[in-house]
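Visitor: Okay, predicted coordinates and the sequence, questions at the end:
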Amino acid sequence: MDEQAIWTLGDEITPDRPVYGRGEFLAKTAIDEEPRVDLDDDPPGHANLIDWPTKKEAQKKISQALAAAASLHLK
C-alpha cells in the first residue's frame with residue numbers, strides 16, 4: 001500500500017477518532033517475541049499479534065521491544 005492508502009485506511013477504521021500517526025515494524029521483530037504473528041493480510045501486508053502473555057510485566061517487555069524496533073510515521 002502507498003502512504004496515502006495507509007492513512008485513508010486508518011481514517012476508515014477509526015472514523016470517530018483522528019489518526020495522528022502510526023508505528024510500523026517487521027513481522028520478524030515480533031516473531032522473536034512471545035506473541036504469535038497471524039498474517040491475516042487484511043489489509044494487504046497486515047498481521048495481528050495474538051496469544052500475548054497474561055502477565056503485565058511480560059506484556060510491557062514485549063511492547064517496549066516492539067516500540068524500539070518500530071518506525072514512527074506522523075500524519
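Guide: Arrived safely, thanks for sending. Numbering: from 1, shown residues only.

Visitor: tell me which element the closest residue to residue 19 other than its chain neighbours falls in.
Guide: The spatial neighbour of residue 19 that comes closest, neighbours along the chain excluded (CB to CB, 6 or more residues apart in numbering), is residue 10 at 4.2 Å. Backbone N, C-alpha and C define where each C-beta goes, glycine included. Residue 10 belongs to helix 3-13 when assigned by DSSP states H and E.

Visitor: How about residue 34?
Guide: Using DSSP H and E, residue 34 maps to neither a helix nor a strand.

Visitor: phi, psi of the nearest residue to it once chain neighbours are set aside?
Guide: With sequence-adjacent residues excluded and distances taken as CB to CB, 6+ apart, residue 34 is closest to residue 53, at 5.3 Å. Note on residue 53: backbone dihedrals following degrees, to the nearest 10 are phi -60, psi 160.

Visitor: Could you pull up the contacting residues of the residue lying closest to residue 39 once chain neighbours are set aside?
Guide: Leaving aside its chain neighbours, residue 39 sits nearest to residue 47 (4.8 Å; criterion: CB to CB, 6+ apart). For residue 47, the contacting residues are 27, 30, 37-41, by CB atoms under 8 Å, 6 or more residues apart in numbering.
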